[in-house]
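# Sequence below, structure please.
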Amino acid sequence: MSSDPADASAPPKRTPLYDLHVAAGAKMVPFAGYEMPVQYPMGVLKEHLWTREKAGLFDVSHMGQAFLVPDDNRFETAAAFLETLAPADVSVLKPGQQRYSQLLGPNGGILDDLMATRLGFAGHDHWLYVVVNASRKDADFAFIEAQLPSGLTLKRVDGFALIALQGPKAAVVLEAHAPGAAKLDFMASVDAPVGGIWSHISRSGYTGEDGFEISVKTAEAVALWQMLAVHPDVAPIGLGARDSLRLEAGLCLYGHDIDETTTPIEAGLAWSIQKRRRIEGGFPGADSILRELKDGPARRRVGIKPEGKTPAREGTEICSMDGSRIGTITSGGFGPSVNGPVAMGYVDATHAAPGTQLTLIVRDKPLPARVVELPFVPNRFIRKAKI
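Numbering: from 1, shown residues only. Okay, the predicted model is just below:
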């Protein structure tokens, strides 16, 4: 999710799938401390549209994976601890359920965003599986470990890869190798074999499309990738299309749209704070975050549609129609499904209503734009499986 290198001075690492990417003709670039494929010979535009129409295969093995394991074998112990760091209601997760949240600093700023899953298989349903951003994983895990109470262990999962299969054909492709996968609801998971390879499968992703993320042992990652990649509806997709897909879907990129200076409410993530946490608080920065929930934040993340064909990139100044500076673009580029430029940024709350006319300063020239509702392309998550 973040493109900021974890340690700019260290040589980039390689995921277990590196050789496959090179063999497929991928252009490799430094990303979050790893050498990652930014695009394949198909090119970013076609990779993006392929994922929207069929199924894209993404290497996200650079992400951080870990388990919170309570000595007393009680899920409540792990959940209660994570709730001291994040604003989600973790305690209500049933075995196999997943939830999106954020690690928060003392003032409510976002240290990172994460996925938390209660494992669902027998003997491990008291374990909490956590996935964090690649560029933040060392800092995140150090932050978590520094606050661990006795009786709770953080187990880093460095010997596993993570593969995402995204797009409207993803369920059909995966079901052929993992019967029952297509029956998963959105944000649900199961531990099961994929073509004989034991995997942790969750129905989630970061493209706005239906899809799955699959955690698998490093030694079996190549075999799993190749198994999925041979399907005619599947193509490998690089970071370039992953970024344009998530931007069209209105999803935040850590280090760009969210960071330690932004709160979940400013970022439009109030939906990720469930009712009990809004009532009880108990998470970092709760006083200021709950105040923003009640009174509204001073600024808001919004969708922005520039007029014409010129994209507005990160850092572009946003002005009101009278020329006053009211915000900054945090993500921007060309949206292949929209066939035009799209952007997200923060503006003063008084200018955040959809339809508000804006001026973007691009290459020192004013560019007309307007605030629009997110997402730019309707999300197609399968909330409830129909089969």
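# can we go C-alpha only for contacts and neighbour counts from here?
Fine.
# Now for the closest residue to Cys319 other than its chain neighbours, how many residues are close by?
Spatially, and ignoring its direct neighbours in sequence, Cys319 is nearest to Arg325 (4.3 Å; Cα to Cα, 6 or more residues apart in numbering). Using other Cα atoms under 10 Å, Arg325 has 16 neighbouring residues.
# Test my guess that Arg325 contacts Ile318.
Yes - using Cα atoms under 8 Å, Arg325 makes contact with Ile318 at a distance of 5.9 Å.
# for the residue minimising distance to the centre of the chain, phi and psi?
Residue closest to the average C-alpha location in the chain (Cα atoms, centre = their mean): Tyr206, at 5.0 Å. Backbone geometry at Tyr206, expressed as degrees, to the nearest 10, gives phi -130, psi 40.
# burial measure for Asn109, as a count.
Actually, residue 109 is Gly. It isn't Asn. 22.
# So, low pLDDT: which residues of the stretch 151-300 of the chain?
For the stretch 151-300 of the chain, applying pLDDT under 70 flags no range at all.
# quick one: the helices in it?
170-175, 218-229, 239-248, 275-280, 286-295 (DSSP state H, counting those that start in this stretch).
# which of these is buried the deepest?
Comparing the helices of the stretch 151-300 of the chain by mean neighbour count (mean count of other Cα atoms under 10 Å), helix 239-248 comes out on top with a mean of 24.
# for it, the distance to its chain's centre please.
11 Å (Cα atoms, centre = their mean, to the nearest Å).
# same thing with stretch 39-50?
Computed by Cα atoms, centre = their mean, the separation of stretch 39-50 from the middle of its chain amounts to 20 Å.
# Leu45: which of the helices of the stretch 151-300 of the chain is closest?
helix 239-248 (7.0 Å; Cα to Cα).
# So which other helices or strands are in contact with the closest one?
strand 34-39, helix 44-53, strand 325-335, strand 340-348 (3 or more Cα pairs under 8 Å, 6 or more residues apart in numbering; DSSP states H and E).
# if we go to 6 Å?
Applying 3 or more Cα pairs under 6 Å, 6 or more residues apart in numbering; DSSP states H and E, one finds that helix 239-248 contacts helix 44-53.
# need the next SSE after the helix it packs on, C-terminal direction.
For helix 44-53, the following helix or strand on the C-terminal side (DSSP states H and E) is strand 55-59.
# so when I look at Leu20, I'm seeing a strand, right?
No - judged by DSSP: H, G, I helix; E, B strand; the rest coil, Leu20 forms no part of a strand; its state is helix.
# Can you get me a residue count around it?
Leu20 has 13 neighbours, counted by other Cα under 10 Å.
# Thank you kindly, that will do.
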